[in-house]
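Asker: how would this look folded up:
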Amino acid sequence: MYLKLLQRKNKLYASLATALLFLNLLSFNELYGQQKAIAPIVLQLEKASIVDVFNAIKKQSSYTIIYSDQVTALEKRVNLNINSSEINTILNLLVEHYGITYQVSGTTISVKLPSKSQQRIKGVVKDQYGIAVPGATVILKGTNQGVSTDLDGSFSIAAQIGKDKLQVSFIGYKTVEALVSKTMQITMVIDQTSLEEVVVVGYGKQKKANVTGAVDQVGAETFRDRPVTNLAKALQGEIGNLNLVIGDGKPTRSATYNVRGTTSIGGGGSALVLIDGVPGDPSLLNPNDIESVSVLKDAASAAIYGARGSFGVILITTKESKNEKSKINFSTNFSILDHTVKPDLVTNGYQWAEQFDQSYYSWNDYKMHPSKANSVFPFSMEYLQELKQHDQDPSLSKVQIDPSTGKYVYYGNTDWMKELYADMITAQEYNLNASGSGEKASYYLSGRINSQDGVFRYNPDKFKMYNLRGKGALRLTNWLKLENNFEYAEMDYFFPILNHPSDTPVWRRISDEAFPVAMLYNPDGTLTHNAAIVFGSFITGGNYSDTNRQQLRNTTSFKADIIKEELSFYGDFTFRNLNEVENKQYTPVPYSVRPGELSQRGENKLQEYQKKTTYKGMNLYTEYKKQFNGHNIKGLIGYNYEKLRLDRRSFERNDLTNSLLPDFGLATGENIVLKAGGYQWATLGAFFRFNYNYREKYFVEVNGRYDGSSKFPENQQWGFFPSASVGYRVSQENFWQNSRLADIIPELKFRASYGSLGNGNIAPYQYLETMSVNQLNVLLNGKNPLYTNKPNVIPNGLTWEKATTFNIGLDTQWFNRRLVTSFDWYKRSTTDMYTQGTPLPEVFGATEPKGNYADLQTKGWELSIAWRDQINFSKPLKYKFKFILSDNKSTITKFNNPTKSLDTFYQGMQVGEIWGFENAGYFIDQADIDNHADQSYIRVSAANIKMPGDIKFADLNGDGVIDIGDNTLNNPGDRRVIGNSTPRFNFGFKADFEWNNFFFNAFFQGVGKRDFWPGADNSLFWGAYNRPYSWHPSKMSNMMWSEQNPDAYFPRMRGYVALNSRGELNVQQSKYIQNAAYIRLKNLTIGYDFPKHLLEKNKIQSLRIFFTGQNLWTYSPMFRVLKTMDPEVIDGSDPELAGNRGNGMRYPMLKTFSLGLDITF
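Answerer: Here you go, the predicted model:
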């Protein structure tokens, strides 16, 4: 079976590699031909026939010229003196001299004589200001025949006067069609589409040119041809200062949506995500249903959502029918997935054992060798010698029996990572949607099935997602329109788990117990003891988490036009029900330590967790707008109500009688655990917005919301949160439009906003004395009795956190709107943050109550630069570039920490600070140790005896002692700020190309600056410095200090120094801070759109095929040290599992290779 899977994988990879190689060869050939073709062609000919000219061109370029006998028969001879790299310029001159017509396709030129009905037409293309437009494409409509204008905007083409039409196009201008006349002057008008673009804002839409707040938006093209399991993976890097932290590659992983950096260290502050105006979970959304995503970043744009939108709002709008005939679209893709980073670890048993022994021996001051590798694997120096013999003689048996104990003895070379992960991971996606509209009704229906195999070889995880959406609109009268938006989503995820008391991630078990010398199976086919501990639960099955999430949502809305084009009344009513059920089964794992003896490890029990969330929401609002004498007024006032209830239940019972029938009715154990809980809250708000502009030149917008929340005490439940913004479009002024500046910068707008919002994102009941009721795990009189603890201490006067934001922005467009830029700078102050209060004496007997005790300030900026243009290679090569860069940093401006202890926040602290010691190299000899400051605070071994090769730390305060002082800002000992863990300079770069129906898109995303401390229990980085028996990165053996390698990156090998408290690699220090900045090729797409004239015969509107790659390439400066962790998977371990200690101990990040098809009928 394994060989078949391997052969299947190799065939798929070979096929994919062949296809990619073929595409690369084609593109290289095309590129090479174009490079050669555009080299300057020099024609210095006298009395030359047209054939002479063709031969001269072919000698100096890679062009192939095809022509008929009629062209050969031309007798006219001319003198030519040409030096040009533009083939169209040369061919246009030949048109003048010989009266031919031509067509260029790639590096092939077709030449013929015009038909008798055609004449040589000359013309010129200018813009609306009378300036020539060079490089414009002039095509004879309905044919592939075309030319480009020269530097003077002139062109010449064969056409029939009064019958044919010319189609003229150029980037930044509207396409023009003109009936052919003898001499033609064609005027092109600047395309105002970018100004007419509409962006989604709170409770409505606005022209982008009229927006005065900080709003950014991406369209459906962002998600097209992107086989992603959820929205966040496609959005990452697309919008400045929209910071999406995904964490790992698990298909169910939901991202954290953050706008503009640190929001609150108290109540929390993720952005509010609204799907069609209603709060929702974007991970359950079908990305193919998305029409646009708008991000409201500042207080002015988000104020209308009040306390729910205090730290930004993400508005997701789904597709609907657009006044079009009925159409059906089907798309599908098939993907192969692989790991972005594969750790290269030591798998040779003897090499691992030798390093294990040395690291353990050195920690024990070279006085004691190990007698056991962690918990169950025996070890001795005699065994090490036997391993050496087996390493030198591979013919020796890998498993033997110890005659003294009768137990198995293993001499393996096991690659546990290879055993853990499957050879191939695949995914499939199918999308089907239908839409249409008529005079009184419209509809949009869509469905999606998405499935992905898991990464594990045994009992692999499996992900399935089902989406169904139905949207419809019905115009009941000429003034009343009714709409309904129905959505159903279901997610199933099966995930194998370990039968271990703390639900430890499998990566932690591999780190602790998967020694290369150990083996997976005994000779009789039973599992070894180590295998049972590591992932025997996967192999035997019966140990899993099976999660099902079902969401049903329906929104019914109406629009009533009270006064046509002036006064409208809107309303929507939403019901959402989310049911989540997780079933866990634990089945003991059998294993054997000696022939004929079978033992079991683990528990036998069932668990079920249920969570039900019910949401009800309503919006009622009216909008009035009026235009007169250049004045544009719009006002909106409304009411919002939301209520959410969450109920949780869990069940547990042991001793399942049959592991194949996981039913509580078949569990007979007496350990029955029942738990329940939940909460509910409601909000009520009234809001308004007033917009005014004069001739779309001067803009004013005022927003306000009066919010009430049940999460606060009665006397603090209500708050009013206003904002205002202004804008000035200088480019609309007459002095600007009548100057040459308008040609260079046709759009220039300044923006500014200021506003304050409340933050209602705290848990309910914080102002009440609550007591949790739990069940003891101890049996008393045959039962598990209930117990409770003393109530929590309530805060004194709980109120809203407040976020106040000042924002200034500049929007520009340059060079016929080909260059578009936008820049925003902001300062956000979060006050009255909900944090711990004044420290109380220990005799108080409880943790000090939380309250509104802290303030925070965040400053940042975002920059967006986009360029679009075209180059003519017989057909236009259209290209677009977009670069996004953003940054922010946050400072604590108030915190109740009078001693300024470094164990928590303090006033003046920059969020993310990393304090540590400064490295001063390694100790050289005993004299160096004796003459250095007292470094006994830092541990290097069990007896803490320093030796050459141990780390030497700088005595920064000069007191002769290396320590942490009072651990305060005023006395930090010998520590200083050595880095900052906050990601800085997030960026994205996108390049799009279109030519002759081919398209190519590349998108890079990354972080420009981030410091990362590997942390304790991070064996992927520290290897045996962490735990001697852990996995050992292969590269590390050449990076450790020795007398022969005194300048090595790592110090003398000593186990536990990266794990033990105050160990020399456990304490944070300057040398081992890692640069976790990275750049990733997030997406690469190559595809082809079939020409419409080929499809229309088969009643097909469009057809495209494409290859897409996700996360194809990653580089990080971290890789210069060890390439064992993906820079996006370095923080913590799997959050769904309880035993989550150790950075990087989580599901791997994946790259994807996909082939897809998209067809519309």
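
Asker: and Lys58, which of the three is it?
Answerer: helix (DSSP: H, G, I helix; E, B strand; the rest coil).

Asker: so the nearest residue to it once chain neighbours are set aside is in which element?
Answerer: Counting by Cβ to Cβ, 6 or more residues apart in numbering, Lys58 lies nearest to Ile65, which is 6.2 Å off, once chain neighbours are set aside. C-betas here are computed from N, CA, C, even on glycine. Assessed by DSSP states H and E, Ile65 sits inside strand 64-67.

Asker: from the contact counts, what lies against the next helix or strand after that strand?
Answerer: Reading on from strand 64-67 to the C-terminus, the next helix or strand found by DSSP H and E is helix 69-72. Applying 3 or more Cβ pairs under 8 Å, 6 or more residues apart in numbering; DSSP states H and E, one finds that helix 69-72 contacts helix 50-60, strand 108-112.

Asker: would you put the C-alpha positions of the first one in CSV?
Answerer: Looking back up the chat, that one is helix 50-60. What follows is helix 50-60 as a C-alpha-only set of coordinates in CSV (Å, rounded to 0.1, in the frame of the first residue of the first chain):
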residue,chain,number,x,y,z
ILE,A,50,10.1,44.5,-49.7
VAL,A,51,11.6,41.1,-49.6
ASP,A,52,15.0,42.6,-49.0
VAL,A,53,13.6,44.5,-46.1
PHE,A,54,12.0,41.4,-44.6
ASN,A,55,15.3,39.5,-44.9
ALA,A,56,17.2,42.3,-43.1
ILE,A,57,14.6,42.3,-40.3
LYS,A,58,14.8,38.6,-39.8
LYS,A,59,18.6,38.7,-39.7
GLN,A,60,18.5,41.2,-36.8
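
Asker: name the residues that touch stretch 202-211?
Answerer: 194-199, 201, 217, 277, 296, 301-302, 304-305, 309, 313, 315, 570, 619, 621, 623, 636, 638, 687, 689, 691, 693, 696, 699, 703, 727, 729, 747, 749, 751 (Cβ atoms under 8 Å, 6 or more residues apart in numbering).

Asker: of those, keep whichever come out buried.
Answerer: Among the contacts of stretch 202-211, the ones that count as buried by 16 or more other Cβ atoms under 10 Å are 194-195, 199, 201, 217, 277, 296, 301-302, 304-305, 309, 313, 315, 570, 619, 621, 623, 636, 638, 687, 689, 691, 693, 699, 703, 727, 729, 747, 749, 751.

Asker: now do the helices in the stretch 101-250 of the chain.
Answerer: 193-196, 231-235 (DSSP state H, counting those that start in this stretch).

Asker: and these, which one averages the lowest pLDDT?
Answerer: Ranked on mean pLDDT, the bottom entry among the helices of the stretch 101-250 of the chain is helix 193-196, at a mean of 61.

Asker: run through who's touching the strand holding Ile65.
Answerer: Contacts for strand 64-67 (Cβ under 8 Å, 6+ apart): Ile50, Phe54, Ile57, Lys58, Thr107, Thr108, Ile109, Ser110, Val111, Lys112.

Asker: can I get the residues you listed in CSV including distance to Val589, neighbour count and pLDDT?
Answerer: Listed next are the contacts of strand 64-67 as CSV, based on distance: Cβ to Cβ, whole Å; neighbours: other Cβ atoms under 10 Å; pLDDT from 0 to 100:
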residue, distance to Val589, neighbour count, pLDDT
Ile50, 84, 22, 87
Phe54, 79, 20, 87
Ile57, 76, 20, 87
Lys58, 74, 13, 86
Thr107, 65, 20, 78
Thr108, 67, 13, 82
Ile109, 72, 22, 86
Ser110, 72, 16, 83
Val111, 78, 21, 86
Lys112, 79, 16, 82
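
Asker: quick check: closest non-adjacent residue to Ser723.
Answerer: Ser723 sits nearest to Gly755 (Cβ to Cβ, 6+ apart), 2.3 Å away.

Asker: beta partners of the one you found?
Answerer: Ser723, Thr805 (DSSP bridges).

Asker: pull the number of nearby residues for it.
Answerer: 24 (other Cβ atoms under 10 Å).

Asker: and it, what does it touch?
Answerer: Counted by Cβ under 8 Å, 6+ apart, Gly755 has contacts Asp298, Ala299, Ala300, Ala303, Asn703, Phe721, Pro722, Ser723, Ala724, Ser725, Thr804, Thr805.

Asker: hmm, back to that, CSV for the helices and strands packed on helix 69-72, including distance to Asn1066?
Answerer: Below are the helices and strands packed on helix 69-72 laid out as CSV (distance: least, Cβ to Cβ, whole Å):
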stretch, distance to Asn1066
helix 50-60, 69
strand 108-112, 68
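
Asker: hmm, Ile637 is touching Tyr621, no?
Answerer: Yes - using Cβ atoms under 8 Å, Ile637 is in contact with Tyr621, at 6.4 Å.

Asker: overlap in contacts, the two.
Answerer: Phe687.

Asker: ok so, going back, ok, and for the strand holding Ile65, which residues are buried?
Answerer: Counting neighbours by 16+ other Cβ under 10 Å, strand 64-67 gives Ile65, Tyr67 as buried.

Asker: off-centre distance for stretch 1021-1030?
Answerer: 31 Å (Cα atoms, centre = their mean, to the nearest Å).

Asker: show me what contacts the closest residue to Glu96 other than its chain neighbours?
Answerer: With Cβ to Cβ, 6+ apart as the measure, Ser156 is the residue that lies nearest to Glu96, at 6.5 Å, once sequence neighbours are left out. Residues in contact with Ser156, defined by Cβ under 8 Å, 6+ apart, are Asn92, Val95, Glu96, Arg120, Ile121, Lys122, Gly123, Val147.

Asker: what subset of the residues you listed is buried?
Answerer: Listed as buried from these are Asn92, Val95, Ile121, Gly123, Val147; burial here means 16+ other Cβ under 10 Å.

Asker: doesn't the first one belong to a helix?
Answerer: Yes - under three-state DSSP, Asn92 falls within a helix.

Asker: my guess is it contacts Phe155, does it?
Answerer: Yes - proximity of Asn92 to Phe155 meets the contact threshold set by Cβ under 8 Å, at 7.2 Å.

Asker: overlap in contacts, the two.
Answerer: Val147.

Asker: circling back to that earlier point, per-residue confidence at the residue nearest to Glu96?
Answerer: Looking at Ser156, its pLDDT stands at 86.

Asker: please name the bridge partners of it.
Answerer: According to DSSP bridges, the residues that bridge with Ser156 are Lys122.

Asker: also the one 10 residues further on?
Answerer: In this structure, Leu166 bridges to Leu140, Ala178 when assessed by DSSP bridges.

Asker: contacts only, for it.
Answerer: Gly123, Val138, Ile139, Leu140, Lys141, Ile157, Ala159, Glu177, Ala178, Val180, Met184, Ile186.

Asker: swap the cut-off to 7 Å and go again
Answerer: Taking Cβ atoms under 7 Å, 6 or more residues apart in numbering, we find Leu166 in contact with Val138, Leu140, Lys141, Ala159, Ala178, Val180.
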